[in-house]
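Colleague: My questions are about this predicted structure, shown below with the sequence.
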Amino acid sequence: MPAPAANKRVKNRRICRNIIIGSEAWALPPIGHPDRPKGVPEDHTKRWTVYVRQPDGDPALTTWLNKVQFKIFNTYENPLRTCESPPFEVSETGWGGFNIDVRLHFQPLSGEKAQYRQHFLQLEKYGSDEQQAKQEATGCVRAEFLEVVQFNEPTEALYEALTAEDQWNHLAVQAKGGKKAAMMAVRPDGRPKRGFPNGERSAQLPEKGGDEIPFSQDQEQALIEFLKSKMAVVDKELDDETRKREETEKKLKGLRAELGHEAAQQAAQQASGDRSRRR
């Protein structure tokens, strides 16, 4: 079988991959404290890290991502930082937040141009009182967002990579407990199971939500019910407007029949003249 083409496209196919772009910040010990890192400028109060990561349970990021460039503030030495392998992250110290340009470079087999994203480096507490209390308790200010990268009609080589089993190998369950555990860690075809320590990875949403679970079946059902209620309101308003229009047309038809064709025409002309005079 010939190798997949590096430039030939797979028509009518789209594959999406999720990434997390975010940052974490921690307070530095004050000047003179034995735990304060050496060489840190005196006006720097925070230690921070900006990163590009894959969500837990997702296929390997490096299947399609080749390197990441972070353009940090130009007062830093070498403000354009390039990460050519995981972890895709940059750590520094500072005193104020700023926008960071993030450039995603794809694997050569993709035939795709680099894409840009932007992230604001959040160093101070933010959000609701509950969120700020959590940040205060952990000492970490985290700001991150889920981004979606779409490959529309990918090259044959990229399509094969994004649909291959190898991209899931990093999720293989580490077998502990002897032969039985080792057997449970693989599928019937001998390949490692995907997913989390409890076994096979599932595409189903979890039943219940929580602080660490942004999407769940309960939330999905609540959204469906909300949309249904709004659709019912729109349908009722549409029915009311349709009924009013039919009643108006019926009255008009009756008036025309009562007045006769010539009288109706004169009334229409008179109404048109009245409108012209008002203007």
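Modeller: Nice, I can see it.

Colleague: how far away is L61 from S216?
Modeller: Applying CB to CB, to the nearest Å, the value for L61 to S216 is 25 Å. Quick note: C-beta positions are derived from backbone N, CA and C, even for glycine.

Colleague: same question but for N7, I mixed them up
Modeller: 42 Å.

Colleague: now R17
Modeller: As for R17, its distance to S216 is 22 Å (criterion: CB to CB).

Colleague: before we move on, what about N18?
Modeller: Distance, N18 to S216, by CB to CB: 17 Å.

Colleague: Wait, P86 touches T63, no?
Modeller: No: with contacts defined as CB atoms under 8 Å, P86 does not count as touching T63, sitting 11.8 Å away.

Colleague: Who has more neighbours out of R17 and S216?
Modeller: R17 (20 against 15; other CB atoms under 10 Å).

Colleague: which helices and strands sit right next to the helix or strand containing that one?
Modeller: For R17, the host element (DSSP states H and E) is strand 14-27. Here strand 14-27 is seen to pack against strand 46-53, strand 99-106, strand 115-120, strand 140-152, helix 156-162 when contacts are counted using 3 or more CB pairs under 8 Å, 6 or more residues apart in numbering; DSSP states H and E.

Colleague: and the ones you listed as a markdown table, adding mean pLDDT, distance to H33 and mean neighbour count?
Modeller: Compiled in a markdown table, these are given as follows (pLDDT from 0 to 100; distance: least, CB to CB, whole Å; neighbours: other CB atoms under 10 Å):
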| stretch | mean pLDDT | distance to H33 | mean neighbour count |
| --- | --- | --- | --- |
| strand 46-53 | 97 | 13 | 20 |
| strand 99-106 | 98 | 28 | 18 |
| strand 115-120 | 96 | 28 | 14 |
| strand 140-152 | 94 | 19 | 14 |
| helix 156-162 | 93 | 48 | 19 |
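
Colleague: Go through those and name the closest to L171.
Modeller: strand 46-53 (14.5 Å; CB to CB).

Colleague: which residues sit against that closest one?
Modeller: When contacts are defined by CB atoms under 8 Å, 6 or more residues apart in numbering, strand 46-53 is touched by residues 19-28, 37, 61, 65, 68, 70, 72, 87-95, 100, 102, 104, 119, 121, 123.

Colleague: Buried ones among those residues?
Modeller: 19-25, 28, 61, 65, 68, 70, 72, 88-90, 92-94, 100, 102, 104, 119, 121, 123 (16 or more other CB atoms under 10 Å).

Colleague: Quick one: residues in contact with stretch 145-164.
Modeller: The contact list for stretch 145-164 (CB under 8 Å, 6+ apart) reads 3-22, 55, 59, 63-64, 104, 107, 109-112, 115, 117, 119, 167.

Colleague: what distance separates the start and the end of that stretch?
Modeller: With CA to CA, to the nearest Å as the measure, the first residue of stretch 145-164 is 27 Å from its last.
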